[in-house]
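Participant: Output the structure for:
(chains A and B)
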Amino acid sequence: EVQLVESGGGLVQPGGSLRLSCVASGFTFSDYWMHWVRQAPGKGLLWVSRINNYGSATSYADSVKGRFTISRDDAKNTLYLQMNSLRADDTAVYYCARGGVRAAFDIWGQGTMVTVSS
Amino acid sequence: QSALTQPASVSGSPGQSITISCTGTSSDVGGYDSVSWYQQHPGKAPKLLIYEVTNRPSGVSNRFSGSKSGNTASLTISGLQAEDEADYYCSSDTTITTWVFGGGTKLTVL
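Facilitator: Residues are numbered from 1 along each chain as shown, chains lettered A, B, ... in the order given. Okay, the predicted model is just below:
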């Protein structure tokens, strides 16, 4: 079964850091671009970041650029999101998603909740 | 990185058809044939419904169809069913290798 499972969410104080993980199974992880997408409580989806299948190219939404870093370990079938200098408006469910055909997000994880609050 | 524009809500009765629009610019929707659509039920992860403007993944009902004209893409759901009640999002990549979503549309089946 093709599956993505996120972990690492939790409660963190403003200015703190957190690292999210996303473990892939059921497909050849190294063949695919991967993304992080977030959804604040009661709000819509917001694309956060992507990494190509070689790990050599990344891009970020303006709202997280310079604070978040996406990376991958193909040997562990794992995608990461290092989040630094967290702010209250980073509070959201964070989903990892597989980059499918022509920019579509074809497989999604169940999400992990990040709450930034003092 | 402005969000694509979708209506906040639409509604329809069982058996009817509805259309949700998604308006962007020439730097995203209008510039590429990479518009996709997602369905999200409360508390669940989004699910891919349409990719490359018009294509359905295996297992998605043919009641869902997509189209595009200029900077506006559309999702049509025909033969509305109660289980179609959900939030719907469009998405596109952009000229600067980022992605953008629409604000989301809440579909109510009356």
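
Participant: Can you say which helix or strand has B:Ser11 in it?
Facilitator: strand B:9-12 (DSSP states H and E).

Participant: mind listing what's buried in the next helix or strand after that strand?
Facilitator: Once the chain leaves strand B:9-12, the next helix or strand it forms, by DSSP H and E, is strand B:18-23. Within strand B:18-23, the residues scored as buried using 16 or more other CB atoms under 10 Å in any protein chain shown are B:Ile18, B:Ile20, B:Ser21, B:Cys22, B:Thr23. (C-beta placed from N, C-alpha, C; glycine too.)

Participant: Throw the residues you listed into TSV and include pLDDT and distance to B:Ile96, thanks.
Facilitator: Below are the buried residues of strand B:18-23 laid out as TSV (pLDDT from 0 to 100; distance: CB to CB, whole Å):
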residue	pLDDT	distance to B:Ile96
B:Ile18	98	33
B:Ile20	98	26
B:Ser21	98	24
B:Cys22	98	19
B:Thr23	97	19
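
Participant: And the pLDDT for the residue lying farthest from the centre of chain B?
Facilitator: In terms of distance from the mean C-alpha position of chain B, B:Ile96 ranks first, at 21.8 Å (CA atoms, centre = their mean). Predicted confidence (pLDDT) for B:Ile96: 77.

Participant: what sits against it?
Facilitator: With CB atoms under 8 Å, 6 or more residues apart in numbering or on different chains as the criterion, the residues that contact B:Ile96 are A:Ser59, B:Ser27.

Participant: now swap in A:Val2 and tell me
Facilitator: Under the criterion of CB under 8 Å, 6+ apart, the neighbours of A:Val2 are A:Ser25, A:Gly26, A:Phe27, A:Ile107.
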